[in-house]
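Q: Compute the structure for the input listed below.
(chains A and B)
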Amino acid sequence: MQSAGPIAGSRSFLSRLRDGDEIARLITFIFAASVVLITVLLVYELWTNSTLPRHKFGWHFFVTESWDPVMDEYGALPFVYGTLMTSAIALLIAIPLGIGASIFLAELAPPRISDTLQFFIDLLAAVPSVIYGLLGIFIIVPLMRTVIYPALNKPFGFLPIFKGPSYGVGFLTAGMVLAIMVIPYIISVSREVLLSVPRDQREAALALGSTRWESTWKVVVPFAKTGIMGSVFLALARALGETMAVTMVIGNTPKIAASLFAPGYSIAAVIANEFTEATGDLYLQSLIGLGLVLFLLTFILNGMARLLIVVTTQKGSGVAR
Amino acid sequence: MSARLRWRKFISNFMLTMTGVCAMASVAVLFFILGYLVFNGGASINWDFFTKLPKPVGENGGGMANAIVGSAKLLAAASLFGVPIGFFGGIYLAEFSGAKMAWVVRYAADLLNGVPSIVVGIFAYSIVVLPFKQLSTFPGAYALGLMMIPITLRSTEEFLNGVPRMLREGAMALGASKWKTIASVIVPAAYRGILTAILLALARVAGEAAPLLFTAFGNRYWSPGWNQPTASLPEMIFRYAGAPYEDWHRQAWAAGLVLLGFILIINILARTILARGIAMPRS
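A: Got it, this is the predicted structure:
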């Protein structure tokens, strides 16, 4: 748009330069381009700084169970297992709670109450990870040892997932802390998606004689399904990359155990704990390789989440018009 | 009323009540966290916490003055790096850019926004720590600043786009050049939203410990200047909570209370006063 002059097209480059428009464009362009540059550089650095393990271990990196800095042997399996396990536990807890809460906020609560509760949910999302870790160490870990472990181990101890001793720290503890951390993300996004479902969908269901819950569960939620899935992917991406809280309660033991009470390790946690101690190029580069894995996982999940959310909210507004 | 209808109504009421329980339980977590921190941290917070250095291992007392100053330094430097890039980049997107370039920049920013903070730490390590062979304030601030860019950029763009066309056209009709219009009309009209977003971004990185562990690292003493390892509150909480000393746990609670208080106050002020009536975009 060059509407500043009397006849826009006739203004020479020099006159626009004098006005400063070209300079302003150039300067802001440099800043915008630097965002792209930084992002490209981030991927490049992760890739080039993890060549050693890629060449030495290849895909075996992911199926090797031993992580042994003394022998200079590195396998990612225990960490991948721990990351996936804790995230799965987190989602199992967070999905029903989060979706339930978002249904309440979007469908049931009056706008005023819904907005107030959403405000608190937003604040909850702002609580830093170390604070969750702090509460995890001093509340959930003792709770696990004294209440949850006996309650599950006594009746269900024959199941491999509830077998064995408990130290308080472990997969289940980390999963629970993660669940609490990702619930706000699921609620916020799902609520927005549910709110974008057109009114007539609800009214049609109610007019056909369905109860309020039936119209919500059988009409509104299916309509918003893809968007809610998007919120779950978003939560999963956060859970996979979450570092501090998990590091503080997972037990930091590079072992694969079927028992949920056993201590484990996660990708982010091993990077956090061992990065400064990593002596030797292979050791350090293996850790950076783990970072690359984490980056790729979250990259894919975030991309899918965004796609799903955009598809649903557009579907909603499209019908409404 | 038939038995079937009664049953359906019962189910409806029951399930709707359950969703309410889910919502209350989620919100209750916030108050539980706050209450527990105030209870535990409030008892152990004192003047020493704000004014003294950490005591040597095994000695009780001392404070985290160095971590408070360290956090402030890190955040100031992070803002100096991250806010201009996000702000001017956002202006470019909203005012100058073509569709293709805008798509690329937005895509990069969204990608950056989703990168786990620990990976940002690795990046800062490999690009700032490795060449200079020194853990210091600078790479820590670089990592935090990086995490501020996407939020600042996207919200600057969004709020600038939200400024009514008439303002823009009015300024240009008066003969103002484009950048003058932007600087004196459009940005001032959108500044409350942008400032809110920047404050929220600042509050978010203020609680980050993961990217600092191997960049700013940590320090039990003051860190003069910018090129020495620097303590920060989140990093201190992490180390103190995991240590086997009772007195350190006490201080971790105090630090947690200070940190959370700072973050929540910024959030509440930004969202209620500054952004009254403005819908914040979600990151």
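
Q: Check whether A:G251 really touches A:G170, as I assumed.
A: Yes: counting by Cβ atoms under 8 Å, A:G251 does reach A:G170; the two are 5.3 Å apart. For the C-beta atoms, the positions are set from N, CA and C on the backbone; glycine is no exception.

Q: Compare the two and say which is more crowded by neighbours.
A: Relative neighbour count places A:G170 above the other of A:G251 and A:G170, with 27 against 23, counting by other Cβ atoms under 10 Å in any protein chain shown.

Q: got a list of what that one touches?
A: A:G170 is in contact with A:M144, A:V249, A:I250, A:G251, A:S259, A:L260, A:F261, A:A262, A:P263, A:G264, counting by Cβ atoms under 8 Å, 6 or more residues apart in numbering or on different chains.

Q: Got the phi and psi for the residue nearest to B:V57 when sequence neighbours are not counted?
A: Of all residues not flanking B:V57 in the chain, B:Y245 sits nearest, at 7.4 Å (Cβ to Cβ, 6 or more residues apart in numbering or on different chains). Main-chain torsions, B:Y245, degrees, to the nearest 10: phi -110, psi 130.

Q: Could you tell me how many residues sit around B:Y245?
A: 14.

Q: Please report the number of neighbouring residues for the residue of the stretch 201-321 of chain A found nearest chain B.
A: Minimum separation of the stretch 201-321 of chain A from chain B (Cβ to the nearest Cβ) falls at A:G241, amounting to 2.6 Å. Applying other Cβ under 10 Å, we find 28 residues neighbouring A:G241.

Q: Give me the pLDDT for it.
A: In this model, A:G241 is scored at 94, pLDDT.

Q: That one is in contact with A:L296, isn't it?
A: No: in this structure, A:G241 is not within contact of A:L296 by Cβ under 8 Å, at 11.2 Å.

Q: Quick check on A:G251: phi, psi?
A: According to degrees, to the nearest 10, A:G251 has phi 100, psi -20.

Q: and the gap between it and A:V169?
A: According to Cβ to Cβ, to the nearest Å, A:G251 and A:V169 sit 4 Å apart.

Q: and for those two, which residues touch both?
A: In contact with both A:G251 and A:V169: A:P263, using Cβ under 8 Å, 6+ apart.

Q: number of nearby residues for the closest residue to A:G241 other than its chain neighbours?
A: Using Cβ to Cβ, 6+ apart and skipping the chain neighbours, the partner closest in space to A:G241 is B:P116 (2.6 Å). Neighbours of B:P116 under the rule other Cβ under 10 Å: 24.

Q: Give the buried residues for stretch A:82-100.
A: Buried residues in stretch A:82-100, counted by 16 or more other Cβ atoms under 10 Å in any protein chain shown: A:82-87, A:89-91, A:93-95, A:97-100.

Q: Looks to me like B:S223 is in a strand.
A: No: assessed with DSSP: H, G, I helix; E, B strand; the rest coil, B:S223 is coil; it does not lie in a strand.

Q: Show me the shaky parts of chain A.
A: A:1-19, A:315-321 (pLDDT under 70).

Q: Show me the strands in it, by range?
A: A:67-68, A:73-74 (DSSP state E).

Q: among those, which is nearest chain B?
A: That would be strand A:73-74 among these, by Cβ to the nearest Cβ, at 15.7 Å.

Q: Give me the sheet partners of the closest one and which way each runs.
A: Applying DSSP bridges, strand A:73-74 is found paired with strand A:67-68 (antiparallel).

Q: quick one: the residue most central in space within chain B from B:V258, how far?
A: Of all residues in chain B, the one closest to the mean position by Cα atoms, centre = their mean is B:R204, 1.4 Å from it. Note on B:R204: its distance to B:V258, by Cβ to Cβ, is 17 Å.

Q: residues near the closest residue in space to B:G61 that isn't next to it in sequence, how many?
A: In space, and not counting its chain neighbours, B:G61 is closest to B:K55: 5.5 Å by Cβ to Cβ, 6+ apart. A count of neighbours around B:K55, defined by other Cβ under 10 Å, yields 16.

Q: okay, the residue nearest to the centre of chain B: pLDDT?
A: 95.

Q: One more: B:P281?
A: 59.

Q: Regarding the chain, what is its longest helix?
A: Went with chain A since none was named. When chain A is parsed with DSSP state H, its longest helix is helix A:281-320.

Q: nope, chain B
A: Chain B, longest helix under DSSP H: helix B:3-44.

Q: which strands and helices sit next to that one?
A: With contacts taken as 3 or more Cβ pairs under 8 Å, 6 or more residues apart in numbering or on different chains; DSSP states H and E, helix B:3-44 sits against helix A:77-103, helix A:111-126, helix A:129-135, helix A:171-195, helix A:212-215, helix B:246-269.

Q: how far does it sit from the chain's center?
A: 27 Å (Cα atoms, centre = their mean, to the nearest Å).

Q: and if you look at stretch A:271-279?
A: 23 Å.

Q: Mind checking if it is in reach of chain B?
A: Yes: judged by Cβ under 8 Å from any Cβ of the partner chain, stretch A:271-279 and chain B are in contact via A:I271, A:A272, A:F275, A:T276.

Q: ok, which pair from these is furthest apart?
A: Maximum pairwise distance among the residues of stretch A:271-279 next to chain B (Cβ to Cβ): 10.3 Å, between A:I271 and A:T276.

Q: neighbour-wise, which of these two wins?
A: A:I271 (26 against 14).

Q: so that one touches B:Y125, yeah?
A: No: with contact defined as Cβ under 8 Å, A:I271 does not count as touching B:Y125 (10.2 Å).

Q: circling back to that earlier point, could you measure the residue nearest to B:V57 against chain A, distance?
A: Separation of B:Y245 from chain A (Cβ to the nearest Cβ, to the nearest Å) stands at 13 Å.

Q: excluding its backbone neighbours, what's nearest B:L153?
A: B:G86 is the one closest to B:L153 (Cβ to Cβ, 6+ apart), at 4.1 Å.

Q: Quick check, pLDDT for that neighbour.
A: 96.

Q: C-terminal to the helix or strand encompassing it, which secondary structure element comes first?
A: Using DSSP states H and E, B:G86 falls within helix B:65-91. Using DSSP H and E, the helix or strand that follows helix B:65-91 in sequence is helix B:99-114.

Q: Next, the angle helix A:281-320 makes with that following helix.
A: Angle, helix B:99-114 to helix A:281-320, by axes from the mean of the first three to the mean of the last three Cα atoms, to 10 degrees: 120 degrees.

Q: What residues of helix B:99-114 count as buried?
A: B:M101, B:A102, B:V104, B:V105, B:R106, B:A108, B:A109, B:D110, B:L111, B:L112, B:G114.

Q: wait, does whatever helix or strand comes next after that helix contact chain A?
A: Scanning forward in sequence from helix B:99-114 by DSSP H and E, the next helix or strand is helix B:117-124. Yes: Helix B:117-124 is in contact with chain A by Cβ under 8 Å from any Cβ, via B:S117, B:I118, B:V119, B:V120, B:G121, B:I122, B:F123.

Q: OK, contacts around the third one?
A: What that stands for is B:V119. So B:V119 contacts A:L42, A:L46, A:G241, A:G291, A:L294, A:F295 (Cβ under 8 Å, 6+ apart).

Q: and with 10 Å instead?
A: Counting by Cβ atoms under 10 Å, 6 or more residues apart in numbering or on different chains, B:V119 touches A:42, A:46, A:241, A:243, A:267-268, A:271, A:288, A:290-295, A:298-299, B:143, B:210-211.
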